[in-house]
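Participant: pasting the structure only:
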């Protein structure tokens, strides 16, 4: 009789607590499978694998890990739900307070589930967040750094996980340093550029760096050496003098230029200065000082000029033009003139055989060392004006021009002005280039085409001031 009572109690206990045993068994199997996966093959440390493999993932492991994470999250949810149900059942139980055996059994079941839950959660915390850390570079077969022999390049390209193993404030679980795609085709030059002693003085190789940038190895990798400066740097002139005065020669490294001082660059008698674009740009007093102050020379046949003054352009949007970009070949004179009208202009250029960037900065203006290959480092709809002269000419490929113009459109705010200043090309190409500018669908404030008289009437000048229209959000 006693045996029958015990058996009936066991059956009743098994029937009432069957869900508990099912969940506990499921949790145990998941724990064993997880530990076997991550502890039998390698130690239970994802960050070590991440560092050693430079962020590379095997495709099958990625899928398996993602499925495992989802299964464990489902088990955790079910255990939480069962614990809540048991607690609610205990609170609503009609059993008398003296029935301590049922209450104690219920408490033990809840405590057991809590222990199992803590074990599963500890394993869950160790699993990588495959959804958050799914980066294309990690899915490559092999490491892109292995293409290079130089150790500094490998260290730079390698993906760097965050020290705490969590997302940083930018929403990424690591830092993904990048180089231009053409760097792989210019392996020899890039390895020469990255050949230095860490913490020592860099080589005087800015021309090599510019060669890499111009040919598509842009952005260049950072370096861990100190850049070379002038041997005897002298403090720059005050801002009220520096805008229209040749800088001190001691503030430039002249070793890789044909001209060895600013006087040579500014002279009209110098036969070969080492560059042909903007050869008079360093002559501040005669060539640069009058520019953009008055309208340019009037063409006798068309009675028009391709040179607009700053005043007439600013009057199109009085008080609205505050900040902008000058993407040109020059020494910063446009930015200097705009500064006199309380407009801040950043000048983007490279050193085409002369210290253009040094000249701009020594005048007290802001240079941006940037090639046409690179996306502008400005956020969308942030600039009031973009100006360009002596840069976008008939040499540029039409597809590249499209990419450049649409990138400029991206950073111009609605109502911002695009000033095309003296674009020139062959007469037969003018129609193709015109279509590229028309494709922007900007409002025309100025649109002038005049002959270029120094090329046997084979070339044409085109200047325009265009306004970006407001576009509705979609």
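Facilitator: Happy to help now that I have it. Everything numeric here is computed off the predicted structure, so don't read it as measured data. Residues are numbered from 1 along each chain as shown.

Participant: Ends of stretch 257-268, what's the gap?
Facilitator: Using C-alpha to C-alpha, to the nearest Å, one end of stretch 257-268 lies 17 Å from the other.

Participant: Centre of the chain to that stretch, how far?
Facilitator: 36 Å (C-alpha atoms, centre = their mean, to the nearest Å).

Participant: in that stretch, what counts as buried?
Facilitator: For stretch 257-268, the neighbour count (16 or more other C-beta atoms under 10 Å) marks 257, 259, 262, 264, 265, 266 as buried. (Each C-beta comes from the backbone N, C-alpha and C, glycine too.)

Participant: In helices, which of those residues fall?
Facilitator: Taking DSSP state H as the definition of helices, those contribute 262, 264, 265, 266.

Participant: Among those, which one lies nearest to residue 199?
Facilitator: Relative to residue 199, the closest of those is residue 262; by C-beta to C-beta it sits at 33.3 Å.

Participant: My read is that the closest one contacts residue 245, right?
Facilitator: No: Residue 262 is not in contact with residue 245 according to C-beta atoms under 8 Å; the separation is 9.9 Å.

Participant: Check the nearest residue to residue 281 once chain neighbours are set aside and give its pLDDT.
Facilitator: Once flanking residues are discounted, residue 281 sits nearest to residue 331: 4.5 Å by C-beta to C-beta, 6 or more residues apart in numbering. What the model reports as pLDDT for residue 331 is 95.

Participant: Strands of the stretch 251-400 of the chain, residue ranges please.
Facilitator: Secondary structure of the stretch 251-400 of the chain by DSSP state E, counting those that start in this stretch: the strands cover 323-327, 344-349, 366-369, 383-389.

Participant: helices or strands next to the shortest one in the packing?
Facilitator: It refers to strand 366-369. Counting by 3 or more C-beta pairs under 8 Å, 6 or more residues apart in numbering; DSSP states H and E, the packing neighbours recorded for strand 366-369 are strand 344-349, helix 356-362.

Participant: pLDDT below threshold where in the stretch 351-474 of the chain?
Facilitator: Within the stretch 351-474 of the chain, the segments meeting pLDDT under 70 span 455, 473-474.

Participant: if we can go back for a sec, the residue nearest to residue 281 reaches residue 356, doesn't it?
Facilitator: Yes: with contact defined as C-beta under 8 Å, residue 331 counts as touching residue 356 (6.1 Å).

Participant: Quick check: neighbours shared by those two?
Facilitator: Counting by C-beta atoms under 8 Å, 6 or more residues apart in numbering, the common neighbours of residue 331 and residue 356 are residue 281.

Participant: Please say which of the two ends up with more neighbours.
Facilitator: For residue 331 versus residue 356, neighbours defined as other C-beta atoms under 10 Å are more numerous around residue 331 (31 against 26).

Participant: Report the separation between that one and residue 244.
Facilitator: From residue 331 across to residue 244, the span is 11 Å (C-beta to C-beta, to the nearest Å).

Participant: if I look at these two, which residues touch both of them?
Facilitator: Common contact partners of residue 331 and residue 244 (C-beta under 8 Å, 6+ apart): residue 284.

Participant: residue contacts, the residue nearest the centre of the chain?
Facilitator: For the chain, residue 377 is the residue whose C-alpha lies nearest the centre (C-alpha atoms, centre = their mean; 7.3 Å). By C-beta under 8 Å, 6+ apart, the contact list for residue 377 reads 368, 370.

Participant: Distance of it relative to residue 410?
Facilitator: Distance of residue 377 to residue 410, computed by C-beta to C-beta: 12 Å.

Participant: Got phi/psi on residue 467?
Facilitator: Per-residue torsions, residue 467: phi -110, psi 130 (degrees, to the nearest 10).

Participant: Now do the contacts for it.
Facilitator: Residue 467 makes contact with 316, 317, 415, 416, 417, 418, 442, 443, 445, according to C-beta under 8 Å, 6+ apart.

Participant: which of those lies closest to residue 369?
Facilitator: Using C-beta to C-beta, residue 418 is the member of the contacts of residue 467 that lies nearest residue 369, at 22.4 Å.

Participant: Can you give me the buried ones in the helix or strand where that closest one lies?
Facilitator: In the assignment (DSSP states H and E), residue 418 maps to strand 412-426. Neighbour-count burial for strand 412-426, with 16+ other C-beta under 10 Å as criterion, is recorded at 412, 413, 416, 417, 418, 419, 420, 421, 422, 423, 424, 425.

Participant: Just list what the very next helix or strand once past that strand packs against, helices and strands only.
Facilitator: Sequence order places helix 430-438 as the next helix or strand after strand 412-426, per DSSP H and E. On a contact count with 3+ C-beta pairs under 8 Å, 6+ apart, helix 430-438 meets helix 398-411, strand 412-426, strand 459-467.

Participant: Pull out the buried residues from stretch 234-242.
Facilitator: Applying 16+ other C-beta under 10 Å to stretch 234-242 flags 237, 242 as buried.

Participant: still on that earlier bit, could the buried residues of stretch 257-268 be laid out in TSV, adding pLDDT and distance to residue 306?
Facilitator: Below are the buried residues of stretch 257-268 laid out as TSV (pLDDT from 0 to 100; distance: C-beta to C-beta, whole Å):
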residue	pLDDT	distance to residue 306
257	91	31
259	91	29
262	94	29
264	92	30
265	92	26
266	91	25
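
Participant: for those, which one is nearest residue 80?
Facilitator: residue 257 (71.6 Å).

Participant: Wait, that closest one touches residue 358, no?
Facilitator: No: with contact defined as C-beta under 8 Å, residue 257 does not count as touching residue 358 (10.2 Å).

Participant: related to what we said a few turns ago, measure the residue nearest to the centre of the chain to residue 369 for me?
Facilitator: From residue 377 across to residue 369, the span is 11 Å (C-beta to C-beta).

Participant: about what we covered before: with distance to residue 270 as added columns, please give the contacts of residue 467 in TSV.
Facilitator: Shown next, in TSV, are the contacts of residue 467 (distance: C-beta to C-beta, whole Å):
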residue	distance to residue 270
316	39
317	40
415	44
416	39
417	36
418	35
442	40
443	44
445	39
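
Participant: can you give me the offset of stretch 299-310 from its chain's centre?
Facilitator: On the basis of C-alpha atoms, centre = their mean, stretch 299-310 sits 40 Å off its chain's mean C-alpha point.
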